[in-house]
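Peer 1: Following is a predicted model, sequence given first.
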Protein chains: 2
Amino acid sequence: MTAKKLHVKTQYYNMPEGEVFALESGVKLKELKIAYETYGELNSRKSNAVLICHALSGDAHAAGFHDGDKKPGWWDDMIGPGKAFDTDKYFVICSNIIGGCKGSSGPNSISVETGKPWGLSFPIVSIKDMVDAQKKLIDFLDIKKLLSVCGGSMGGMQALQWPVSYPEMVVSCIPIATTYKHSAQQIAFDEVGRQAIMADPAWRAGDYYKKGHPSAGLAVARMIGHITYMSDDSMDKKFGRILKKEKLGYEFTSEFEIEGYLRYRGDSFVKRFDANSYLYITKAMDYFDLQKDDSLSKAFKDVKTRFLVIAFSTDWLYPSYQSKEIVKALKMNGIDVTYCDIGTNYGHDAFLLEFKEETKLIKHFLRSTHRT
Amino acid sequence: MTAKKLHVKTQYYNMPEGEVFALESGVKLKELKIAYETYGELNSRKSNAVLICHALSGDAHAAGFHDGDKKPGWWDDMIGPGKAFDTDKYFVICSNIIGGCKGSSGPNSISVETGKPWGLSFPIVSIKDMVDAQKKLIDFLDIKKLLSVCGGSMGGMQALQWPVSYPEMVVSCIPIATTYKHSAQQIAFDEVGRQAIMADPAWRAGDYYKKGHPSAGLAVARMIGHITYMSDDSMDKKFGRILKKEKLGYEFTSEFEIEGYLRYRGDSFVKRFDANSYLYITKAMDYFDLQKDDSLSKAFKDVKTRFLVIAFSTDWLYPSYQSKEIVKALKMNGIDVTYCDIGTNYGHDAFLLEFKEETKLIKHFLRSTHRT
């Protein structure tokens, strides 16, 4: 039995003229565009809305198929009829982050004022700014409360930011494979990726849109990222020391399967992603620190949201000890929190791959949240 | 009390004309130069020679001071009178690996035949080839047996290769923070570094010696390396989220201390290292696989050497489980082996920093070896 293909379309919210969007940096944007998709129906009480926040390379297209596409959205395993985010029950929303490159305002979007891509004149945005932009969209959709906000990796940072920024609006929160602040090592990996892009002469200080993209630099950045998304063990199981040819060639081509895989991943990424966006998004993650006066517990002071915190045993990019610190700070505030460390060898990528385990956990959590 | 500065000079071995040096690839080199240094005196029985093998960015200058230098050799903490490798007792030798860029034959050395730098016409070398070159030097020094061979990281790979290649010549072996084969993740990190170099237009397929070096690419490669040399914890303790200025600047400069540190490390490396050598050396490490018919135990079949295997608790580049596999394979052959996992938060860098712990272990091990 094949399930019917869910056809979806990306929609766009444009901030009404005259409004301004104030960023954490102090910059005030006079224009703001948000690409978003929705799946399922909003109920009459508007009590079944779930916001999905995407990670670095994600976009608003979380589920279903765009016309003509062979592959569905990035979290289609989790969103749809009968799935974790059951579209027969819930109204699921996913929007492209600001600073991104998939339809929302960002460095590669055309500024209404100048008629040109923003490039580096786009202001630096924070995770809080991304959430504030989502809030504009949620207001526009006339939703007063979100049944849940969920996201993995950088999506988890947004999910955590939501109840801190808007404690009255978030009934439940599901941060997955994430952290409450970027550590020195996490900043370090991001910085090397940025340096790889900025070292590419084609980058031209961000002004490359009509001149040819800094593909070589972006590919290197993506390759670094990919190593951090997998675990030592999953790389070993998948690739080990397997050669592409029968024997070593004693040359500087990609000889091991793992080398070919990384190059393929790098090359395919540059076809679908904007190098400047990579700079903006990694910067937003590096700025992320939810603590208040050096205390995470204080940051959650006004929060009433229920939490399901999910981590993965072999995730070394966002190790589970960071999730446990979130859980501890929530507990210190008497907040209802369930923690689950899923055993897996997939590393950080597990948040996209261990959907069966996640489905079990999230389905029950949402059901019990919806009842309350 | 200040110890007297030990003044040292780099010496050079040149393979006699007419001899050839056969590489694992099948290529036969007609010229071979090896830069080396020695510390201490060879005793009359020639039974006190210790060979130190260096890591990726090391060289023959392991200890003491070159004329005019303010900083000593890279392992001066470990080599000298009364130190772990006590130059009052032992005759310590360290040579630059072939493929390197510090005096031994490699891509940046001048080919006698052409009068130009080899560049990419230099053949790809393996860890075994590096050891075979060292063997030429040891023969030239008229030493029949090495009391010990020791090295950390890639130096440890050479140390392990020695008793496998020349079982009669090695009395004891001290591999530190190393592995017996490069894993997919280890290959992956190397490959991204190579890609960063090769993506730099200044690299010009390795033919850059008179045209300007691919510094930007090499700096990125080194920055990636540096992240893998430190632990999550040591980065957190040393840098955390400390800013260089008072507050966030919302700009793409290096704002966090960790960013400044990485850039500094990258920039200082390009001043002292050759980008092509980086390609050759990482390739040699990626090729390294000591197993015979997929068995490490079989590889050690003829080995009679005593071993002291040292690993570090937070080393995630060469995790201790890899050292334990070495120990197990040695034990399977009834070989005398002592294993020590040193608790530290320094990560892989610990092999250069935890010299007090290493000194205790190595001093006793060498003393008991020398007696036997």
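Peer 2: Cool, the structure landed.
Peer 1: Dig out what residue A:117 forms beta bridges with.
Peer 2: The partner list for residue A:117 in beta bridges (DSSP bridges) reads residue A:110.
Peer 1: what about it, distance to chain B?
Peer 2: 16 Å (CB to the nearest CB, to the nearest Å). The C-beta positions use only the backbone N, C-alpha and C, and glycine is treated the same way.
Peer 1: In a strand, residue A:311, correct?
Peer 2: Yes: counting by DSSP: H, G, I helix; E, B strand; the rest coil, one finds residue A:311 located in a strand.
Peer 1: give the contact list for residue A:245.
Peer 2: residue A:255 (CB atoms under 8 Å, 6 or more residues apart in numbering or on different chains).
Peer 1: and it, helix, strand or coil?
Peer 2: Applying three-state DSSP: residue A:245 is coil.
Peer 1: near chain B, which residues of the stretch 251-372 of chain A?
Peer 2: A:251-252, A:254, A:256, A:258-259, A:262-263, A:266, A:279, A:283, A:286-287, A:289, A:316, A:319 (CB under 8 Å from any CB of the partner chain).
Peer 1: To which secondary structure element is residue A:13 assigned?
Peer 2: Under the criterion of DSSP states H and E, residue A:13 resides in strand A:11-14.
Peer 1: which other helices and strands contact that strand?
Peer 2: strand A:33-39, helix A:127-140 (3 or more CB pairs under 8 Å, 6 or more residues apart in numbering or on different chains; DSSP states H and E).
Peer 1: Need the residues that contact that strand.
Peer 2: Counting by CB under 8 Å, 6+ apart, A:31-38, A:95, A:103, A:136-137, A:140 sit against strand A:11-14.
Peer 1: change it to 10 Å
Peer 2: A:31-38, A:60, A:95-96, A:103-105, A:112, A:133-134, A:136-141 (CB atoms under 10 Å, 6 or more residues apart in numbering or on different chains).
Peer 1: do the same with stretch A:365-372
Peer 2: A:47-48, A:50, A:84-86, A:89-90, A:147-148, A:150, A:171-174, A:305-308, A:310, A:336, A:338, A:340.
Peer 1: buried subset of those?
Peer 2: A:47-48, A:50, A:84-86, A:89-90, A:147-148, A:150, A:171-174, A:305-308, A:310, A:340 (16 or more other CB atoms under 10 Å in any protein chain shown).
Peer 1: Restricted to strands, list the residues you listed.
Peer 2: A:50, A:85-86, A:148, A:150, A:172-174, A:306-308, A:310, A:340 (DSSP state E).
Peer 1: Tell me the residues of the stretch 51-200 of chain A that contact chain B?
Peer 2: A:120, A:123-126, A:181-200 (CB under 10 Å from any CB of the partner chain).
Peer 1: now the helices and strands packed on strand A:11-14 in CSV, with mean neighbour count and mean pLDDT?
Peer 2: Formatted as CSV, the helices and strands packed on strand A:11-14 follow (neighbours: other CB atoms under 10 Å in any protein chain shown; pLDDT from 0 to 100):
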stretch, mean neighbour count, mean pLDDT
strand A:33-39, 22, 98
helix A:127-140, 21, 98
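Peer 1: With distance to residue A:66 as added columns, please give those in JSON lines.
Peer 2: Putting the helices and strands packed on strand A:11-14 into JSON lines (distance: least, CB to CB, whole Å) gives the following:
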{"stretch": "strand A:33-39", "distance to residue A:66": "9"}
{"stretch": "helix A:127-140", "distance to residue A:66": "20"}
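Peer 1: now for these, which one comes closest to residue B:15?
Peer 2: helix A:127-140 (60.1 Å; CB to CB).
Peer 1: Kindly format the C-alpha coordinates of that closest one as PDB.
Peer 2: The C-alpha trace of helix A:127-140 is given here as PDB (Å, rounded to 0.1, in the frame of the first residue of the first chain):
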ATOM      1  CA  ILE A 127      18.400  32.900  17.000                       C
ATOM      2  CA  LYS A 128      16.100  35.200  19.000                       C
ATOM      3  CA  ASP A 129      15.600  37.300  15.800                       C
ATOM      4  CA  MET A 130      14.700  34.100  13.900                       C
ATOM      5  CA  VAL A 131      12.100  33.300  16.600                       C
ATOM      6  CA  ASP A 132      10.700  36.900  16.600                       C
ATOM      7  CA  ALA A 133      10.300  36.600  12.800                       C
ATOM      8  CA  GLN A 134       8.400  33.400  13.300                       C
ATOM      9  CA  LYS A 135       6.200  35.200  15.900                       C
ATOM     10  CA  LYS A 136       5.200  37.700  13.200                       C
ATOM     11  CA  LEU A 137       4.100  34.800  11.100                       C
ATOM     12  CA  ILE A 138       2.200  33.100  13.900                       C
ATOM     13  CA  ASP A 139       0.500  36.400  14.700                       C
ATOM     14  CA  PHE A 140      -0.400  36.700  11.000                       C
END
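Peer 1: Point out the other helices and strands that it packs with.
Peer 2: strand A:11-14, strand A:21-22, strand A:33-39, strand A:49-53, strand A:91-95, strand A:148-152, helix A:154-165, helix A:275-287 (3 or more CB pairs under 10 Å, 6 or more residues apart in numbering or on different chains; DSSP states H and E).
Peer 1: okay if I get these as a markdown table plus distance to residue A:367?
Peer 2: Converted to a markdown table, the helices and strands packed on helix A:127-140 look like this (distance: least, CB to CB, whole Å):
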| stretch | distance to residue A:367 |
| --- | --- |
| strand A:11-14 | 28 |
| strand A:21-22 | 36 |
| strand A:33-39 | 18 |
| strand A:49-53 | 12 |
| strand A:91-95 | 15 |
| strand A:148-152 | 11 |
| helix A:154-165 | 19 |
| helix A:275-287 | 32 |
